[in-house]
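Sequence plus the predicted model coming up.
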Amino acid sequence: MQQQPAKRPAAPQRARGKGRLVTKQLAGRTRLAELYQEGCGKIRLPDTFDSSLEAILINSSGGLTGGDRLEWSLRAGPGTDVTVTTQANEKIYKAAADTALLKSEIEAGEGSRVAWLPQESILFDRASLTRELHVDLAETAEFLAVEAVILGRTAMGESAENGHFRDRWRVRRAGRLIHAEEVRMEGEIARLGEQPSVLSGKVAFATVFYSAADCEALLPRLQPLLQDGYAGASLWKDKLIIRAAASHGFALRKILVPVISLLRKDANVPKVWNI
């Protein structure tokens, strides 16, 4: 009797998503030129009451775990004004194997204004996330980016004791590299975060990046907004960097919201940010 080959265990189903948005200027307004969606990556365009365009990114899988891939692409045409955010916090669940990849690529044309404002990524215990942000700016483009992380659902009494988080940024203007950073937290991330040189026990943290011609003029107005929080700002040539940390997500937002509003010329944060 011929022996039947052993059945291989079924591979876990993984989420895959892509979304691409291209904008153009038409009759003094920012208009949609191209929209592409694939898998769990969805993009919605709510009505705006000015000449700008707002895009809301949605992960219809409800979160990410090891092996999931989610990729976003934005190309803002010359003279356009685009704000991109997410429908909700991106939840990064416990990974049995591999890591989740969240990759974003942005291209901003001459005279464009781009605000990249995703809501926070929440890392559950034993989550594994690699996040990448690649940006190419034209010489006269204005760019604002916020990326925030919360280690555990503190409101639910949960903490992220162990896990893996890697964050990689590359920002270029007119082809030259103007900003690069690498963050890596691995293993006992709660214990790592206790160190004064890391987070001093804070579990919510964010980086705000702004590059435009008015960086130097904005720095004195930024500093008073950061005095009461665990935060600071620095200026280097044509970029502003703000680092902030807090004991929970709401406290972090109390720092971020006025900072974002100032850098957006007193415009409010997107409505989906409202708690």
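Received it, and whenever you're ready, just let me know what you need. Residues are numbered from 1 along each chain as shown.

Return the set of buried residues in stretch 134-141.
Buried residues in stretch 134-141, defined by neighbour count with 16 or more other Cβ atoms under 10 Å: 135-138, 140-141. Backbone N, C-alpha and C define where each C-beta goes, glycine included.

of all these, which two lie farthest apart?
The largest separation in these, counting by Cβ to Cβ, is between Val135 and Thr140 at 14.8 Å.

And the buried residues of stretch 134-141, which is closest to Pro118?
Val135 (13.6 Å).

Looks to me like the closest one is in a strand.
Yes: looking at Val135 with DSSP: H, G, I helix; E, B strand; the rest coil, it is inside a strand.

That one and Ala95: what is the separation?
27 Å (Cβ to Cβ, to the nearest Å).

Could you do Arg14 as well?
11 Å.

Next, show the common contact partners of those two.
Contact with both Arg14 and Ala95 is made by residues Gly67, according to Cβ atoms under 8 Å, 6 or more residues apart in numbering.

Comparing those two, which shows the higher neighbour count?
Neighbours per residue, other Cβ atoms under 10 Å: of Arg14 and Ala95, the larger number sits with Ala95, 20 against 14.

Next up, the contacts around that one.
The contact partners of Ala95, by Cβ under 8 Å, 6+ apart, come to 65-67, 126-128, 164.

Pull the most distant pair out of the residues you listed.
Gly67 and Arg126 (14.1 Å).

Please report the distance of Tyr36 from Asp50.
Distance from Tyr36 to Asp50, by Cβ to Cβ: 25 Å.

all strands for the stretch 151-275 of the chain, in order.
163-173, 176-187, 204-211, 230-236, 239-246 (DSSP state E, counting those that start in this stretch).

Just the C-alphas of the last one, formatted as CSV.
Which is strand 239-246. The C-alpha trace of strand 239-246 is given here as CSV (Å, rounded to 0.1, in the frame of the first residue of the first chain):
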residue,chain,number,x,y,z
LYS,A,239,13.7,71.5,8.6
LEU,A,240,12.0,71.5,12.0
ILE,A,241,12.0,68.4,14.2
ILE,A,242,9.7,68.0,17.2
ARG,A,243,10.0,65.0,19.5
ALA,A,244,7.3,64.4,22.1
ALA,A,245,6.5,61.7,24.6
ALA,A,246,3.7,61.2,27.2
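
got the contact list for it?
Contacts for strand 239-246 (Cβ under 8 Å, 6+ apart): 171, 178-179, 199-200, 202, 204-211, 215, 218-219, 222, 226, 229-235, 252, 254-256, 259, 263.

Mind checking which of these are buried?
Going by neighbour count (16+ other Cβ under 10 Å), these have 171, 178-179, 199, 202, 204-211, 215, 218, 222, 226, 229-231, 233, 252, 255-256, 259, 263 buried.

low pLDDT regions in this protein?
Residue ranges of the chain with pLDDT under 70: 1-12, 275.

switch to 50 and redo it
Within the chain, the set of residues satisfying pLDDT under 50 is empty.

Show me which helix runs longest in it.
Secondary structure of the chain per DSSP state H: the longest helix is helix 249-263.

for that one, packing partners?
With contacts taken as 3 or more Cβ pairs under 8 Å, 6 or more residues apart in numbering; DSSP states H and E, helix 249-263 sits against strand 142-151, strand 204-211, helix 215-226, strand 239-246.

TSV for the ones you listed, including distance to Pro270?
What follows is the helices and strands packed on helix 249-263, written out as TSV (distance: least, Cβ to Cβ, whole Å):
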stretch	distance to Pro270
strand 142-151	11
strand 204-211	15
helix 215-226	19
strand 239-246	18
